[in-house]
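> Quick one, fold the following:
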Amino acid sequence: MKLASMYSRDVLNCPALSLIPKSSPDAVAWFRLEDDLRGRFHRIGLAEYEFLLALDGVRTVEQAREQAATTSNQKHTLTPEQSESLLHWSMSESLIAGQDASQHASSSRSQSSLSWIKLPLVSGNAQWYLPTSMIGWLFDWRSVVAVIVSWVIALSIVILDHERFANDVATILEPSGWIRFACVWLVLKIVHELGHLVCCRRFGGRVGEAGIAWMLVAPVAYVDLTDLYRMKSRSHRVFICLAGIYVEMIVAGVSVFFWSQSLSPWCNHLFATIAITASVGSLLFNLNPLMKLDGYHALCDWIGRPHLASDGARAMNGFASRVFLGKINNRNTASFRLTAYGIAAFAYRIAITLGLVAGSYAMYGRVGFVVVGLLSVLISFPVAIRNTSRILIELRARPASAIRLLFVSSCLLGIAGTVSKLRDRWQSGWCGIVEYSDDSPVRCVSSGKAVRVLIESGQQVEKDDVIVELENLLIVAQRSKAESGLAAGRARRPS
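This next block holds a predicted model:
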């Protein structure tokens, strides 16, 4: 194998591929690899750089790793797992030329096409002059302050009339509201990407291609902003990453104002759907750093870790190897926060997949359930096969680790089963015996027909409270006779 685009130590002189040395705040050296032909930019460390240089088409992967370890002056060299991961990444990014690389790249593209099918529509910068001149002023700091004030006002309107807003939002869950929600979501995604595009152009960045992509089960718009990393200002880069959410929040605030003034039920439902989708939906979906969306890229740029997802996955795999197989690698120790991020991202992907399957079943029935479930299996199948093969290789190398694997797996299954039984028991209730004791009997001193009941079932009463009114004809007749005798006696009494 050999590196494509004349990847060598004098790579800075190559017009197609540039290697720019950088330094992080903690004085760690790294390189930014710029591929001008494809418009892509990558970040690699010194050890990765030496390993890629050692792949000259003659050495094997292990020989290249050993050569990089002797050449690099770093304390931490690449492990075999890291070398393999770097090799796969180089193949997928077409940085390595050769028959095996081309086959791997084509297979990677075919696998990724199952979950991401894109259709480029526009490329170049000249087409974006008109939208930039029209709404570019929204990304000025004065406009940002005004927008924040409008958000506060819109939130106050929703809080003051939250019952009506909740009733209008509840129509999204109805079958008639799904189509309206899908149309609103598609239009908002176009507005979202337009915000990224205009903000990038506003700060002098170059925009690649733009088009429509099919992401698993839904169409979305996309914009290639790889040139973003040429900008020196980190605050500008982060703002561009969050520009889509910023524009959607503007749309949400305007929708709340229209909703508060509208008298049409259909318009109220539409504006409420736009407001909740552009605000809560965008914040939960795009701002979430556990997926490679806006929040993830902004976080990576802010903390200076561009490969946070792969680093978190590697840290999670190392943690799983230590827990299930007892494999300890002192050269690849990851921090607790990085491991926690990898586990959280993995759990979130599973939750999102299950949510998509459930949502497809609710919207499209069994057809949607089968289609989305099949796509999820096809996408996750290569990863499952790769991880299973690694586990089998480890078990062959250390057969005793199989006992640890079975023991830890049994403990986790037992804990999961216990939690499930406790949850079911909590929901269904606990068995018990209820004894009724009539300590304070309440009885009437006379019988009669109940005319009116003054209390309700389960109501607490106090002493001397009137509970029921009775009608006793005998007592009424006696009372009438007594009142007549009293009146006659008063009449006969001399004045």
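
> For this protein, just list every one of the strands.
When assigned using DSSP state E, the strands of the chain occupy the ranges 2-3, 17-23, 29-35, 40-45, 96-97, 116-123, 209-215, 218-223, 449-453, 468-471.

> Can you list the helices and strands that the second one packs against?
Same thing as strand 17-23. Using 3 or more CB pairs under 8 Å, 6 or more residues apart in numbering; DSSP states H and E as the contact criterion, the secondary-structure elements in contact with strand 17-23 are strand 29-35. Every residue, glycine included, has its C-beta placed from N, CA and C.

> buried residues in the strand it packs on?
By neighbour count, and taking 16 or more other CB atoms under 10 Å as the criterion, the buried residues in strand 29-35 are 30-35.

> For Lys463, give me phi and psi.
Here is the backbone geometry of Lys463 (degrees, to the nearest 10): phi -70, psi 140.

> List every C-alpha atom in stretch 159-169, with coordinates, as PDB.
Output in PDB follows, covering the C-alpha atoms of stretch 159-169 (Å, rounded to 0.1, in the frame of the first residue of the first chain):
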ATOM      1  CA  ILE A 159     -46.300  30.200  30.200                       C
ATOM      2  CA  LEU A 160     -49.200  32.600  30.700                       C
ATOM      3  CA  ASP A 161     -51.400  30.600  28.300                       C
ATOM      4  CA  HIS A 162     -49.900  27.200  28.700                       C
ATOM      5  CA  GLU A 163     -53.200  25.300  28.800                       C
ATOM      6  CA  ARG A 164     -54.300  26.400  25.400                       C
ATOM      7  CA  PHE A 165     -50.800  25.900  24.000                       C
ATOM      8  CA  ALA A 166     -50.700  22.300  25.400                       C
ATOM      9  CA  ASN A 167     -54.000  21.500  23.800                       C
ATOM     10  CA  ASP A 168     -52.800  22.800  20.400                       C
ATOM     11  CA  VAL A 169     -49.600  20.900  20.700                       C
END
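
> If you count neighbours, what's buried in that stretch?
Judged by neighbour count using 16+ other CB under 10 Å, the buried positions of stretch 159-169 are 165, 168-169.

> Kindly reformat those as TSV containing pLDDT and distance to Gln67.
As requested, those are arranged in TSV below (pLDDT from 0 to 100; distance: CB to CB, whole Å):
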residue	pLDDT	distance to Gln67
Phe165	90	65
Asp168	85	66
Val169	85	61
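
> Out of those residues, which is nearest to Gln127?
Top of the list for closeness to Gln127, among these and by CB to CB, is Val169 at 36.6 Å.

> ok, Arg230 to Gly295 distance?
In this view, Arg230 and Gly295 are 22 Å apart by CB to CB, to the nearest Å.

> any chance you could map the helices in the stretch 351-495 of the chain?
Using DSSP state H, counting those that start in this stretch, the helices found in the stretch 351-495 of the chain span residues 366-397, 401-428, 473-492.

> want to throw these into TSV with mean neighbour count?
Shown next, in TSV, are the helices of the stretch 351-495 of the chain (neighbours: other CB atoms under 10 Å):
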stretch	mean neighbour count
helix 366-397	13
helix 401-428	11
helix 473-492	10
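
> Can you add mean pLDDT and distance to Leu225 and give the ones you listed back as a markdown table?
Output for these, formatted as a markdown table (pLDDT from 0 to 100; distance: least, CB to CB, whole Å):
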| stretch | mean pLDDT | distance to Leu225 |
| --- | --- | --- |
| helix 366-397 | 78 | 25 |
| helix 401-428 | 83 | 42 |
| helix 473-492 | 80 | 92 |
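
> Out of these, flag the one nearest Leu354.
Nearest of the helices of the stretch 351-495 of the chain to Leu354, taken as CB to CB: helix 366-397 at 8.8 Å.

> angle of the closest one against helix 401-428?
Between helix 366-397 and helix 401-428, the angle formed by their directions is 150 degrees, by axes from the mean of the first three to the mean of the last three CA atoms, to 10 degrees.

> same for helix 366-397, what does it pack against?
Packed against helix 366-397 by the contact rule (3+ CB pairs under 8 Å, 6+ apart) you find helix 336-364, helix 401-428.

> And these: which comes nearest Val144?
Ranking the helices and strands packed on helix 366-397 by proximity to Val144 (CB to CB) places helix 336-364 first, at 29.2 Å.

> quick revisit: when Arg230 and Gly295 are compared, which one has more neighbours?
Looking at Arg230 and Gly295 with other CB atoms under 10 Å, you find the greater number of neighbours at Gly295, namely 19 against 14.

> wait, isn't the more buried one in contact with Phe285?
No - at 9.2 Å, Gly295 and Phe285 do not qualify as touching, with contact defined as CB atoms under 8 Å.

> any chance of the helices and strands packed on helix 366-397 in CSV, with distance to Asp464 too?
Formatted as CSV, the entries for the helices and strands packed on helix 366-397 read as follows, by distance: least, CB to CB, whole Å:
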stretch, distance to Asp464
helix 336-364, 58
helix 401-428, 43
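
> which one of those helices lies closest to Gln63?
Across the helices and strands packed on helix 366-397, Gln63 has its closest neighbour in helix 401-428 (28.1 Å, CB to CB).

> In terms of secondary structure, what does that closest one contact?
For helix 401-428, the packing partners by 3+ CB pairs under 8 Å, 6+ apart come out as helix 366-397.

> Mind splitting the protein into its structural domains?
As assigned by automatic domain parsing, the chain contains the domains 2-112, 117-303, 309-417.

> ranking those domains by mean pLDDT, which is last?
Out of these, the stretch the model trusts least by mean pLDDT is domain 2-112, with a mean of 63.

> got a markdown table for the buried residues of stretch 159-169, with distance to Gly211 too?
Formatted as a markdown table, the buried residues of stretch 159-169 follow (distance: CB to CB, whole Å):
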| residue | distance to Gly211 |
| --- | --- |
| Phe165 | 35 |
| Asp168 | 34 |
| Val169 | 32 |
